[in-house]
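Q: I'll drop the sequence and a predicted model, then ask my questions.
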Amino acid sequence: MVQSRHATITEDAIATLVDAFYARVRRDPTLGPVFEAAIAEEEWPEHLETMRRFWSSVMLTSGRYSGNPVAVHRAVAGIERSLFATWLALFTETASELFEAGPASEFATKAQRIATSLQLALFHRLGGPPDGLKRKPAA
Ligand code: HEM
């Protein structure tokens, strides 16, 4: 049980959120294996640091993150559209536990928007053949 929730979004509060969120992600039966396959044990501190910089840039416009999330996610084996709902539910739940309602909903709104644009970039094939008419991959 969290004693007192953050009223303000600070670098320290973001670090707490990132750590708590990825601890849950790693325990989740569907998301966990995808993350464990992509990030080796010794790479986790670096991933958490990247994610702190990312959320600092998004929420505090600190400019601390520079990178290409679309390219990075394209290379993640096993990433699927259906996993995004779970990702968002866990993120929103964690933010609500750690932050007061106002900042928690700012996190949720941003995460939702970024998740939508990531999914469009990753899974939406403009002008491609509709599902079901795709050429079968060579056996
Ligand atoms: C099902 C959903 C998702 C999965 C399975 C997933 C998985 C991953 C994995 C495995 C990495 C590390 C890749 C690597 O270092 O090799 C990563 C990085 C990252 N993810 Fe996600 N992700 C998901 C959704 C999201 C969402 C919704 C956001 C933003 C709101 C996000 C933001 C990022 C960022 C910023 C990085 C770091 C990119 C960089 O290295 O510059 N991810 N993700």
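A: Structure received. Numbers count the residues shown, from 1 in each chain.
Q: the lengthiest helix in the chain - contacts with which helices or strands?
A: The longest helix of the chain (DSSP state H) is helix 101-123. Counting by 3 or more CB pairs under 8 Å, 6 or more residues apart in numbering; DSSP states H and E, the packing neighbours recorded for helix 101-123 are helix 44-60, helix 69-74, helix 83-98. Where C-beta positions appear, they are placed from N, C-alpha and C, glycine not excepted.
Q: possible to save these as TSV with mean neighbour count and mean pLDDT?
A: What follows is the helices and strands packed on helix 101-123, written out as TSV (neighbours: other CB atoms under 10 Å; pLDDT from 0 to 100):
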stretch	mean neighbour count	mean pLDDT
helix 44-60	16	98
helix 69-74	12	96
helix 83-98	17	98
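Q: so which of the ones you listed is nearest L122?
A: helix 69-74 (5.9 Å; CB to CB).
Q: which strands or helices does that closest one pack on?
A: helix 101-123.
Q: which phi and psi values does whichever residue of the chain sits closest to the ligand adopt?
A: Nearest to the ligand in the chain, going by CB to the nearest ligand atom, is G67, at a distance of 2.8 Å. Torsion angles at G67 (phi, psi; degrees, to the nearest 10) stand at phi 180, psi -170.
Q: A15 and E49, how far apart?
A: Computed as CB to CB, to the nearest Å, the A15 to E49 distance reads 9 Å.
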